[in-house]
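A.B. asks: pasting a predicted model and its sequence here:
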Amino acid sequence: MLTVQIICVGKLKEGYLQQASAEYQKRLGAFCRLQIVELPEYKLPQNPSAAQIQKGIEQEGQSILHAMQKSQAFQIPLCIEGKERSSEQLAQLLSQAALEGNSTVNFIIGGSYGLADAVKAQGNVRLSMSPMTFPHQLARIMLLEQIYRAFQINAGGKYHK
């Protein structure tokens, strides 16, 4: 069974997001071993300078890189420079990663200011969810839903239409 790990910066703070996450975690249990690794957000002042933001991105990046290197995995950072994929294409990507002998697929979600270049460079594939900007906590729920949809597609399930 494939292990899917979501490495993300920050915790889900809103109850409704926690409930949505729990629901998709439960659903995904039939298809994969799901692990969510929550890393601490770098604390920035109220109106951070560009240098402070960059320092925060780099600090979060170091934590992410450490978490990524705990397993030999197919790495998929989510970033604006990534390629947009349909649900069917994501399903195919997950299937192909498993067929190539990867036992783990890591999806990486950065903090509110994005991912460090060093994290993006480690990616096998960069993924963009949309050209629109979403809160990173909501992006996690959207990603969980798309992973579930991808497994349903690959299993020939009725969820995906």
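C.D. replies: Received it, and whenever you're ready, just let me know what you need. The structure displayed is predicted, hence computed values, not measured ones. Residues are numbered from 1 along each chain as shown.

A.B. asks: where does the protein dip in pLDDT?
C.D. replies: Residue ranges of the chain with pLDDT under 70: 70-71, 159-161.

A.B. asks: all strands of this protein, in order?
C.D. replies: Ranges of strands in the chain, per DSSP state E, are 3-9, 33-39, 74-84, 104-109, 127-128.

A.B. asks: do a quick rundown of the helices in this protein.
C.D. replies: 15-28, 50-68, 87-99, 117-121, 136-155 (DSSP state H).

A.B. asks: returning to what we had before: nearest to residue 97, of the strands of the chain?
C.D. replies: For residue 97, the closest of the strands of the chain is strand 74-84, at 4.2 Å, according to CB to CB. Using the backbone N, CA and C atoms, a C-beta is placed for each residue, glycine as well.

A.B. asks: now do that closest one against helix 136-155, angle only.
C.D. replies: Between strand 74-84 and helix 136-155, the angle comes out at 100 degrees (axes from the mean of the first three to the mean of the last three CA atoms, to 10 degrees).

A.B. asks: still on that earlier bit, pick the most buried one from the helices of the chain.
C.D. replies: Across the helices of the chain, averaging neighbours per residue (mean count of other CB atoms under 10 Å) puts helix 136-155 on top, at a mean of 19.

A.B. asks: just the CA atoms of that helix, as CSV, please.
C.D. replies: Taking C-alpha atoms only, helix 136-155 is exported to CSV below (Å, rounded to 0.1, in the frame of the first residue of the first chain):
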residue,chain,number,x,y,z
HIS,A,136,-2.5,27.3,2.8
GLN,A,137,-4.8,25.7,5.4
LEU,A,138,-7.6,25.5,2.7
ALA,A,139,-5.0,24.3,0.2
ARG,A,140,-4.4,21.3,2.5
ILE,A,141,-8.1,20.3,2.4
MET,A,142,-8.3,20.8,-1.4
LEU,A,143,-5.2,18.6,-1.8
LEU,A,144,-6.7,15.9,0.4
GLU,A,145,-9.9,16.0,-1.7
GLN,A,146,-7.9,15.7,-4.9
ILE,A,147,-5.8,12.8,-3.6
TYR,A,148,-8.9,11.0,-2.6
ARG,A,149,-10.4,11.7,-6.0
ALA,A,150,-7.2,10.4,-7.7
PHE,A,151,-7.5,7.1,-5.8
GLN,A,152,-11.1,6.9,-6.7
ILE,A,153,-10.3,7.4,-10.3
ASN,A,154,-7.6,4.7,-10.2
ALA,A,155,-10.0,2.3,-8.5
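
A.B. asks: can you list the residues that contact that helix?
C.D. replies: Contact with helix 136-155 is made by 4, 6, 8-10, 12-14, 17, 20-21, 24-25, 27-28, 31-32, 36, 78, 87-88, 90-91, 93-95, 107, 109-112, 129, 134, 157-160, as judged by CB atoms under 8 Å, 6 or more residues apart in numbering.

A.B. asks: good, we can wrap up now.
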